[in-house]
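Peer 1: fold the following.
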Amino acid sequence: MTTRLLPIVFAAALASSALGCNKSEGSAGTATSAVKIDSAAAKEMFNTRCSPCHGTSGRGDGPASAALTPKPRNYTDAAWQKSVTDEQIRKTIVLGGAAVGKSPIMPGSPDLDAKPEVVEGLLQIVRGFGN
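Peer 2: So this is what the prediction gives:
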């Protein structure tokens, strides 16, 4: 996105937010966006970037987890699911663990900052492990 469009996008987002058009209540009482979800890209991304540590079942038991301290997050933990907001999960996905006061071993995916539809899909995958 060019910097010329940024003020326009910000103004539109602010106006929509003020009208309550782009938010709805999600898990743990957090606001979720109206961004479309790219489930296929998110699933591929989870399988390639996330599952080596978090495991295909989201239990933090992926093949790379044995060598990690601290161990990767177990997404099936109901207490954790209730304690974290959608926005915190999004931020961790894009910026990594160190940016949110968690393990610096958790890498960020800054390339996804320009792909909110994939981030939303990853959020849905993470939340899905809590069901």
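
Peer 1: am I right that residue 66 is in a helix?
Peer 2: Yes. Assigned with DSSP: H, G, I helix; E, B strand; the rest coil, residue 66 falls within a helix.

Peer 1: pull the number of nearby residues for it.
Peer 2: The local packing of residue 66 (other CB atoms under 10 Å) involves 9 other residues. C-beta coordinates here come from the backbone N, C-alpha and C atoms, glycine included.

Peer 1: could you report the pLDDT at residue 14?
Peer 2: Among the per-residue scores, residue 14 holds a pLDDT of 32.

Peer 1: again, but for residue 34
Peer 2: 82.

Peer 1: surely residue 112 and residue 118 touch.
Peer 2: Yes. The pair residue 112 and residue 118 qualifies as a contact (CB atoms under 8 Å) at a distance of 5.5 Å.

Peer 1: tell me, what's touching those two both at once?
Peer 2: By the contact definition CB atoms under 8 Å, 6 or more residues apart in numbering, residue 112 and residue 118 are jointly contacted by residue 45.
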